[in-house]
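Q: With the input below, show me the fold.
(one chain, ligands or ions: 1)
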Amino acid sequence: MTFKALGLYDSLLRAVEKTGYTEPTLIQQKAIPVILEGKDVMAAAQTGTGKTAAFTLPMLQLLSGRTNTKRNSMRALILTPTRELAAQIQESIITYGSNEKLRYGLVFGGVNINPQKRVLMKGLDILVATPGRLLDLYQQKCINFYDVEMLILDEADRMLDMGFIHDIKKIIALLPKQRQNLMFSATFSDDIRRLAKPICNNPVEIDVAPRNSTVDAISQKLYHVEKPDKADLLCEILQSNPGQTLVFSRTKHGANNLAKRLNRDNINSAAIHGNKSQAQRTKALDNFKTAKVQVLVATDIAARGIDIDQLATVVNFDLPHVPEDYVHRIGRTGRAGATGVAISLVSSEEHKQLRDIERLIKRPVPAGDSDEFTFALAEPLPSKRSPNKQNTRGHNKSGESRRPAHRRGKPSVSTGKKAASGNKWNSSRSRSAASA
Ligand code: AMP
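A: Numbering: from 1, shown residues only. Have a look, this model is predicted:
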């Protein structure tokens, strides 16, 4: 299958050629011809499947040949939950639309609104927006929706998770009834179908996201380790896997602490989360993309828009509470056919989350080889908490370490390098770990 066979114009094919992509991904094969026919689409496709190009390419084709110069209006509106995702879609528009004479703009919150007002004043063909800022601009009379021919809702499931439902409903109510609607979501949950019903008109459903296919491309493993020991284990993992690594932390505070801790151990790291300013987030992301930092510690929401080719390793420092987030997280590696590794650090308090994840992905996550590291890992099974209750620092009431007997007092393993870090482990054991 080629891009040409999908019915794309030469100008778009030339732009695709420049990216080096030779074959359309499955979502592109299925969605592009249907969108070009002008039909509404509801597509279940996760990040990493090539979904952005799947809607951007046909959208550019349908809009091409005309330029909108009407003040404050646009012909295609793309709604997306995060600024990073919005910026990434804009990048795709720039890449694939390099031979088209279309005007595009990007609006998102957390930055000065005035330059965005100026961009809108000229009139646009395509506007990429996060919902809150879009409504702000509408309320300030800097936007009208009369000319919208096409609505694209990207990562609709995430929009619901992030509480954008009311904003989306308000925006939809302002749009002309006659328009083409494309909705992309990681899954078709009941909530998503309820959201889609009044938006999409008899949509063609495309599902390229049998969850397991994403999961199949990724080598997953877990280490049972108690919470206070996680940061030490992570340092060892990172020292033995020196590639670019995305580490997930459940909380913003945890992400900050962990990045600081890694930096103390000379592992160049940055944190990215919702409390950071846009400038700080952009800088952290750029430094990660250009490999100036090895590790990016991110919360789920901040990580949504991160698109980095060749991301080899993802680490779940904490397991997510929502099992679907596990699939989203590990989908950051093994993208578009590349293989990747996803490592999870699981404490005894997270066994329920682990069971939920395993139920969702319909397979157990295998335990990694504990001999790879200098210290012992926690018990793999949930511990019975009484009568000899163990505290969260991996010691029972009598102060005895939770480490299995054969490992106690034996922090080092085979190689000299590891023996050295074994001492480090001993000395840092009492240090407070960067936990969530
Ligand atoms: P997305 O699912 O849109 O986040 O895209 C995931 C990654 O796949 C991005 O880095 C794209 O640039 C890349 N990609 C998109 N289309 C293709 C393709 N046909 N072949 C290879 N990579 C692609």
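Q: only C-alpha atoms for contact and neighbour calcs from this point on.
A: Will do.
Q: Next, Val247: phi, psi?
A: Here is the backbone geometry of Val247 (degrees, to the nearest 10): phi -110, psi 130.
Q: is it true that it touches Asp300?
A: No - with contacts counted by C-alpha atoms under 8 Å, Val247 stays clear of Asp300, the gap being 9.9 Å.
Q: So those two - more neighbours on which side?
A: Val247 (28 against 22; other C-alpha atoms under 10 Å).
Q: Quickly list what that one is bridged to.
A: For Val247, the beta-bridge partners are Val297, Val315 (DSSP bridges).
Q: any idea how far it is from the ligand?
A: 18 Å (C-alpha to the nearest ligand atom, to the nearest Å).
Q: contacting residues for that residue?
A: The neighbours of Val247, taking C-alpha atoms under 8 Å, 6 or more residues apart in numbering as the test, are 295-298, 314-317.
Q: By neighbour count, which of these wins?
A: Neighbour-wise, those (other C-alpha under 10 Å) top out at Val297, 30 neighbours.
Q: and the gap between that residue and Asn268?
A: Val297 sits 11 Å away from Asn268 when distances are taken as C-alpha to C-alpha, to the nearest Å.
Q: ditto for Arg332
A: 20 Å.
Q: Same drill for these two, tell me which one is more crowded.
A: Ranked by neighbour count (other C-alpha under 10 Å), Arg332 and Asn268 place Arg332 first, with 30 against 17.
Q: what's the helix or strand for the more buried one?
A: Remark: Arg332 resides in no helix or strand, with elements defined by DSSP states H and E.
Q: That one touches Leu311, doesn't it?
A: Yes - shown here, Arg332 and Leu311 form a contact pair, counting by C-alpha under 8 Å, at 7.2 Å.
Q: Quick check: phi and psi at the residue nearest to Gln29 when sequence neighbours are not counted.
A: Among residues not flanking Gln29 along the chain, Leu6 sits closest, at 6.8 Å (C-alpha to C-alpha, 6 or more residues apart in numbering). Phi and psi for Leu6, reported as degrees, to the nearest 10, are phi -80, psi -10.
Q: contacting residues around Leu6?
A: Contacts of Leu6 (C-alpha under 8 Å, 6+ apart): 29, 32-33.
Q: For the closest residue in space to Ser269 that isn't next to it in sequence, give me its contacts.
A: Of all residues not flanking Ser269 in the chain, Val295 sits nearest, at 4.6 Å (C-alpha to C-alpha, 6+ apart). Val295 is in contact with 244-247, 267-270, 288, counting by C-alpha under 8 Å, 6+ apart.
Q: what about Val295, distance to the ligand?
A: Counting by C-alpha to the nearest ligand atom, the gap from Val295 to the ligand is 19 Å.
Q: Doesn't Ala259 lie inside a helix?
A: Yes - membership of Ala259 in a helix is supported by DSSP: H, G, I helix; E, B strand; the rest coil.
Q: Please look at it and Ala270 and confirm they touch.
A: Yes - under the criterion of C-alpha under 8 Å, Ala259 makes contact with Ala270 at 5.6 Å.
Q: Next, show the common contact partners of the two.
A: Counting by C-alpha under 8 Å, 6+ apart, the shared contacts of Ala259 and Ala270 are 296-297.
Q: Can you spell out which helices and strands pack onto the strand or helix carrying Phe55?
A: According to DSSP H and E, Phe55 maps onto helix 51-63. Judged by 3 or more C-alpha pairs under 8 Å, 6 or more residues apart in numbering; DSSP states H and E, helix 51-63 is in contact with helix 26-36, helix 83-96.
Q: Okay, angle between that helix and helix 26-36 too, please.
A: Inter-element angle recorded for helix 51-63 and helix 26-36: 20 degrees (by axes from the mean of the first three to the mean of the last three C-alpha atoms, to 10 degrees).
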